[in-house]
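>>> The following comprises the amino acid sequence and a computationally predicted model.
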Amino acid sequence: MNQETQPLRSTPLQSTPRRRAIFIRRHAVVTRLSHWLNVVCLSFLILSGLQIFNAYPQLHWGQYGMDSDPAFLTIGASESHGMPHGFVEIGSVSVPTTDFLGLSKVEGEWTPRAFPTWLTFPSYQDLAAGRNWHFFFAWVFVINGLVYLGYGLVSGHFRRDLTPKAQELAPRHFWREIVDHARLRFPAGEAARHYNVLQKLTYIGVMAGLLPLMILTGLTLSPGMDAAFPALLDIFGGRQSARSLHFITASLLVVFVVVHVAMVILSGPWNNLRSMVTGRYAIRSKEPDA
Amino acid sequence: MTDLKRRRFLIGSALGVSALALSGCDRPEQSPEVGGVIRSAEKLTMSAQRLLLGRDALAREFAETDISPAFRVNGTSAPDGEAYAQLVEGNFANWRLKIDGLVDRPLELSLADLKKLPARTQITRHDCVEGWSAIAKWTGVPLGSLLAATGLKPSARFAVFHCADELEKTLDGSGRYYESIDLIDAFHPQTILAYRMNDQELSVGHGAPLRLRVERQLGYKQAKYIMHIEIVDSFAALWGGNGGFWEDRGYEWYAGI
């Protein structure tokens, strides 16, 4: 019953009395491979990154920062009335976070630990292993990103699929898409063939903003790279600022992933997943107006 | 899992890994095959950094006003043992730095000898592998000038620093601190053997009488309490064979990131 079509970008949908689906090719094989490789890389990078963070759970601003130097974020544990408790301190505000941040159970024992075992890789405290995995997947992530970047430029994927059109950026259109998104009304029919402008801007923001920021702040943590490119220290205001920005940017990426996955689920999880695995995406025509 | 792999896995567990919470998610880290692949990234990192750095790119040097108020005493805060205690007692007058191994003219230098040599002073950032940083002013002798005076043999590849501190108590002495760098870093203009810190004599906590500064790498490379510098063509025969105390415990030999 499904009518199969190959890349069918310009053929209009036929108006038929019954609601039916056609399949378009949504994602090229390079996009699909790099997407899933990214899932693996980001998972390991975030979990091993938290392992590394646990070795020194404070964030500073500036060129240096250590122990008693002013920290704007501290995840720690302390004891009051003989009871240990975990806390997160942001500026002068301290939030109790026992059993999650600062203090959590390791093999049944309360243990001072910034992030709990289920959020770090490896789960047990091992900075050396965390670093090894972090840098391995950092390389895979960067190489994967460069392949995708090259493909996106050469194939026209960026220009065709991700660059917003002028009319999409017009305030009225833009506002309507925000309202539609807020009501969880997703594009159907002809409009579902393309990314909407909010998707385009989000993907561009992540790919051209957060990910390069992630890599550059990470490289600024390297004493070697700081010697090769001293400008890194000036751009980010010092190694400790870069470390903080690395953490904040990673947090924004986690927010992106959460929203991204939520949108995938809300707008048709199987169709979206299939399109990112096989490339085929079903478009359902709207009920014709009688 | 094949039988062989399972057996290896069980042996690994029996050897002490079992003490760790071995959840399914940690299994990749426990596999020696996977570990080898994961750790190969270090070579890529080192090649890439060497390519970008060249021999002489300098680490940033800061102003006096940038010096940080606190500088954590990390690792050993004072080496144990009668021998070191006596050196401290005598204000290191009886301490001698030995430089030998693959050299034409082994050297033995007192602290006074070192202080007579041309010195370099630099205000640099110390980056701990844990993530913190501190800035301090260091004065010392460029390592390259000492190595040039010894006349390195053509087979020389690494400088190994043997230290007075034992960071882990062991029966065979494998807990003794040591470090190694290759000749590119050894002859880097900012690589010095420091005997002064922030305009004071180097304190016991920070590695008296002499510590290494190799500014393009992380803190654990900055060996304290240096007693003996050995020039070698390979560090495979030393302790764990990985070129340093922390390297024998899983950390990268090239600590540029």
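Nice, I can see it. On a predicted model such as this, the values are computed, not experimentally measured, just so you know.
>>> pLDDT at the one residue in the stretch 151-290 of chain A that gets nearest to chain B, what is it?
Closest contact between the stretch 151-290 of chain A and chain B, by Cβ to the nearest Cβ, is at residue A:224 (3.1 Å). All C-beta spots, glycine's among them, are computed from the backbone N, C-alpha and C. For residue A:224, the pLDDT comes out at 97.
>>> Tell me which residues touch it, please.
B:49, B:52-53, B:216-217, B:256-257 (Cβ atoms under 8 Å, 6 or more residues apart in numbering or on different chains).
>>> could you redo the last one with a cut-off of 10 Å?
With contact taken as Cβ atoms under 10 Å, 6 or more residues apart in numbering or on different chains, residue A:224 is in contact with B:45-46, B:48-50, B:52-53, B:57, B:59, B:215-218, B:254-257.
>>> Generate a ChimeraX selection restricted to the buried subset of the residues you listed.
If you want just the buried ones from the contacts of residue A:224 in ChimeraX, going by 16 or more other Cβ atoms under 10 Å in any protein chain shown, the selection is:
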select /B:45,46,48,49,50,53,57,59,215,216,217,218,254,255,256,257
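>>> when you check chain A, which of the contacts of residue A:224 turn up near it?
B:45-46, B:48-50, B:52-53, B:57, B:59, B:215-218, B:254-257 (Cβ under 10 Å from any Cβ of the partner chain).
>>> ok, now which ones touch residue 119?
Going with chain A. By Cβ under 10 Å, 6+ apart, the residues touching residue A:119 are A:46-47, A:50-51, A:53-54, A:100-101, A:104, A:113.
>>> you looked at the wrong chain, it should be chain B
By Cβ under 10 Å, 6+ apart, the neighbours of residue B:119 are B:138-142, B:145, B:192-196.
>>> mind checking the SS state of the residue of the stretch 151-290 of chain A closest to chain B?
helix (DSSP: H, G, I helix; E, B strand; the rest coil).
>>> now the strands for the chain?
Picking chain A for this. Along chain A, the segments classed as strands by DSSP state E run A:3-4, A:21-25, A:58-59, A:73-80, A:83-90, A:93-96, A:102-106, A:109-113, A:280-284.
>>> Chain B, not that one
Under the criterion DSSP E, strands of chain B are mapped to B:96-101, B:107-110, B:120-127, B:133-142, B:158-166, B:176-182, B:192-197, B:200-201, B:211-213, B:226-232.
>>> Adding mean neighbour count as columns, could you present those strands in CSV?
Formatted as CSV, the strands of chain B follow (neighbours: other Cβ atoms under 10 Å in any protein chain shown):
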stretch, mean neighbour count
strand B:96-101, 17
strand B:107-110, 16
strand B:120-127, 20
strand B:133-142, 22
strand B:158-166, 22
strand B:176-182, 23
strand B:192-197, 22
strand B:200-201, 12
strand B:211-213, 24
strand B:226-232, 21
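>>> so which of those strands gets nearest residue A:185?
Nearest to residue A:185, of all the strands of chain B, is strand B:133-142, at 49.8 Å by Cβ to Cβ.
>>> tilt between the closest one and strand B:192-197?
Using axes from the mean of the first three to the mean of the last three Cα atoms, to 10 degrees, the inter-axis angle of strand B:133-142 relative to strand B:192-197 is 110 degrees.
>>> Strand B:133-142 packs against which elements?
Judged by 3 or more Cβ pairs under 10 Å, 6 or more residues apart in numbering or on different chains; DSSP states H and E, strand B:133-142 is in contact with helix A:239-266, helix B:111-116, strand B:120-127, strand B:192-197, strand B:211-213.
>>> Including distance to residue A:213 and mean pLDDT, could those go into CSV?
Shown next, in CSV, are these (distance: least, Cβ to Cβ, whole Å; pLDDT from 0 to 100):
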stretch, distance to residue A:213, mean pLDDT
helix A:239-266, 5, 97
helix B:111-116, 45, 98
strand B:120-127, 20, 98
strand B:192-197, 35, 98
strand B:211-213, 31, 98
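>>> Redo these as CSV? Include distance to residue B:243.
Below are those laid out as CSV (distance: least, Cβ to Cβ, whole Å):
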stretch, distance to residue B:243
helix A:239-266, 25
helix B:111-116, 25
strand B:120-127, 19
strand B:192-197, 18
strand B:211-213, 14
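>>> I'd like to know which of these is closest to residue B:180.
Nearest of the helices and strands packed on strand B:133-142 (Cβ to Cβ): strand B:211-213, 10.3 Å.
>>> Show me what the closest one is packed against.
Strand B:211-213 sits against strand B:120-127, strand B:133-142, strand B:158-166, strand B:192-197, strand B:226-232, with contacts defined as 3+ Cβ pairs under 10 Å, 6+ apart.
>>> Could I get the contacting residues of residue 39?
Going with chain A. A:257, A:276.
>>> let's do chain B instead
Applying Cβ under 10 Å, 6+ apart, we find residue B:39 in contact with A:128-129, A:132-133, A:135-136, B:250, B:252.
>>> Return the closest of those with respect to residue A:234.
Of the contacts of residue B:39, the one sitting nearest to residue A:234 (Cβ to Cβ) turns out to be residue A:135, at 24.6 Å.
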